[in-house]
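*Asks:* show me how the following folds:
(2 chains)
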Amino acid sequence: MKLIFRGVRGSIPVPGPKTLRYGGNTTCLEIRGNRNELIILDAGTGLYQLALTLFGELPVTAHLFITHTHWDHIQGLPFFIPAFIPGNSIHIYGAFDPVDQKNIRQILARQMEYCYFPVREAELKATLRYTTLKERQTVPVGSVTVSNILMNHPVLNFGYRVACDGKSIFFTGDHEQLYNIYAPEDEEWAEYRHYVNEKNKAIIDFIRGVDILVADTSYTIQDYPQKKGWGHSTFDANIDMARAAGIKTVYFTHHEPIRSDDDLERVFQEALDRKNVAALGPACYLAAEGVTVSL
Amino acid sequence: MAYSETQLFSLMATMPAFPHSGYALLQLTNDINCPPKEVVRVIDRDPILTMHLLKLVNSEYFGLAKKITSIKEAVVFLGINTMKNLALGIVPMELLSISETPHSLTDILRHSLAVAIIARKLARNLGFSQAQATDCYVAGLLHDFGKLALFKLFPDDYGPLLKREATLATPFTDLEKKTVSTTHTAVGELLGRKWGLPELIIQSMAGHHDAAFCASSPLLDCVFAANLIAKKMDPVHARMIRRDLSLPADMVDRFGKDLDSLTASLGLIADEIDHALLLTTIQEDGSMTPSMQKP
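*Replies:* A predicted model of the protein is given here:
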């Protein structure tokens, strides 16, 4: 199995001289199964970079799993060129939106309405198929299986576990570590802690032992207090999560758009030192656009 | 059939208590930074809202892997933002005491929601605070509550009258007096006082057909105008209207627009109303009442 980072930035694309080393495109991960199955996690602007590499392998069958439909995770979709070419098959998977009462097709079709984009969804030439996923539903794709669990974000967000021939990757999508909304002196604190522990355990059990964790790491612990509740995690919390789940390798992604490459490396190194990663593990890396990891 | 005042009063005593928590939730969430635990406390104290939310999150539609048994647990598993928005979607139905949306009352629900949303928007456009705009929203939602009460008290006499309302050339309140010896505005006022609602909301229940009375109050005029706009916007209603719908001159001065320009200034309000209707029509199995879907 192979993992290729196509977009690693959070929130908004930030091209420019300060983001050359890690890249400015928003979230998109390409995963190749051992029979070259094409699994794509999220359709941020990095999807366009991936699209440009696919012309040599037409017709393409792509399985695109959307963690959630915030802009930075879907913005590349209208520019996914294989969708315009007859003979290609694009399968799109994602969660139901309970607040808007829309399935994944209805949500994404909106993005292709005439006022936003010149080509309507109905005019795309490839075969498009949509599947609205339930939590913990497993989708087989050739030699690969993709399963999901609900994470913690202001909208429903699925974290995806992708497995193939005994190897596996887990991608959090956007996720904030769970916290107690009550103060210890509140009478509800203990009850809420029970649910938080239960949910944490469910996530840890789900991701236990994956070979690679790719985790939303927007914030430092210094940033976090002002951004609590925004739905993103920290370097330190992700190192803790990897350790709890026995994961040996972590890639931090969803880099804050405000951070230059130099700033990113600095806060990354500070977190590694603070958490004594050199001695205790896991192996930690900053996800960078274009980097391929083989498992 | 005519009813004596004593009969009316004793019948009114059988009306349900007002769900104050729904109103509290609307006011609380005016602040985007309201503490999550306050939102949970308000919902937790309201068994009807809690029941609706738990039915919804456990529905097949939602697709959760785990059965959720309390609001706190739902907040941990789905996030406070999703729960807050779901609750706000259910509140209108709760405030109108329509939990099963019998078909004969769906027109009132649709119209009341439209008036609520338009009145809130008008108040915001005039520069009123978020809290005042929310009072306009609740006033709009409840302005015709007297009709629901009369229907509940005298279904056989009042039901046929309600069906013909839009086609009548004579004032509806005159026919109400003939049929049930009272009017929806008088009954609305009585209920509003019994429930201890804010004065603005009571006045709107009592006087929303009285242009001169509404023109005297800078918030009541928003509900008055919203009522006319909602009637004009509703395609079924608009076709049957036999009465002149226009704003009195002093309101035109105050809004700076006549009724048509005022309607145009509301932008995509129809979409907002359709969206609000969605969540009020979810059934126990998570599906929606077909008759309530967008025509």
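*Asks:* tell me the bridge partners for residue A:91.
*Replies:* Under the criterion DSSP bridges, residue A:91 forms beta bridges with residue A:63, residue A:129.
*Asks:* that one - how many residues pack around it?
*Replies:* Neighbour count of residue A:91, defined by other Cβ atoms under 10 Å in any protein chain shown: 18. All C-beta atoms are positioned from the backbone trio N, CA, C, and that covers glycine.
*Asks:* how about it, what does it touch?
*Replies:* A:61, A:62, A:63, A:64, A:129, A:130, A:131 (Cβ atoms under 8 Å, 6 or more residues apart in numbering or on different chains).
*Asks:* please repeat the previous calculation with a cut-off of 10 Å.
*Replies:* Shown in contact with residue A:91 (Cβ atoms under 10 Å, 6 or more residues apart in numbering or on different chains): A:39-40, A:61-65, A:127-131, A:139, A:141.
*Asks:* now residue B:35
*Replies:* Contacts of residue B:35 by Cβ under 10 Å, 6+ apart are A:181, A:182, A:229, B:28, B:41, B:80.
*Asks:* okay, these in CSV with pLDDT and neighbour count next?
*Replies:* Output for those, formatted as CSV (pLDDT from 0 to 100; neighbours: other Cβ atoms under 10 Å in any protein chain shown):
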residue, pLDDT, neighbour count
A:181, 96, 21
A:182, 96, 20
A:229, 93, 15
B:28, 92, 17
B:41, 94, 18
B:80, 92, 20
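*Asks:* secondary structure added to the residues you listed, as a markdown table?
*Replies:* Shown next, in a markdown table, are the contacts of residue B:35 (DSSP: H, G, I helix; E, B strand; the rest coil):
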| residue | secondary structure |
| --- | --- |
| A:181 | coil |
| A:182 | coil |
| A:229 | coil |
| B:28 | helix |
| B:41 | helix |
| B:80 | helix |
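*Asks:* which one of those is nearest residue B:278?
*Replies:* residue B:80 (20.9 Å; Cβ to Cβ).
*Asks:* and the closest one, how far from residue B:90?
*Replies:* Distance, residue B:80 to residue B:90, using Cβ to Cβ, to the nearest Å: 16 Å.
*Asks:* do the same with residue B:29
*Replies:* Counting by Cβ to Cβ - residue B:29 and residue B:90 are separated by 13 Å.
*Asks:* tell me the residues of the stretch 151-295 of chain A that contact chain B?
*Replies:* Contact residues (Cβ under 10 Å from any Cβ of the partner chain) of the stretch 151-295 of chain A with chain B: A:151-157, A:176, A:178-183, A:186, A:188-189, A:191-200, A:202, A:206, A:229-231.
*Asks:* let's see 6 Å
*Replies:* A:152, A:154, A:181, A:182, A:192, A:195, A:196, A:199 (Cβ under 6 Å from any Cβ of the partner chain).
*Asks:* can you count the residues close to the second one?
*Replies:* With neighbours defined by other Cβ under 10 Å, the count for residue A:154 comes to 18.
*Asks:* now it: closest residue in space that isn't a chain neighbour?
*Replies:* Nearest residue to residue A:154, sequence neighbours excluded (Cβ to Cβ, 6 or more residues apart in numbering or on different chains): residue B:81, at 3.9 Å.
*Asks:* dump the strand or helix carrying residue B:43 to CSV, restricted to CA.
*Replies:* Here residue B:43, judged by DSSP states H and E, is contained in helix B:36-44. Provided in CSV are the C-alpha atoms of helix B:36-44 (Å, rounded to 0.1, in the frame of the first residue of the first chain):
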residue,chain,number,x,y,z
PRO,B,36,-22.0,24.3,25.8
LYS,B,37,-23.0,23.2,29.3
GLU,B,38,-25.7,25.9,29.4
VAL,B,39,-27.2,24.5,26.2
VAL,B,40,-27.2,21.0,27.6
ARG,B,41,-28.8,22.2,30.8
VAL,B,42,-31.7,23.8,29.0
ILE,B,43,-32.3,20.8,26.8
ASP,B,44,-31.9,18.4,29.7
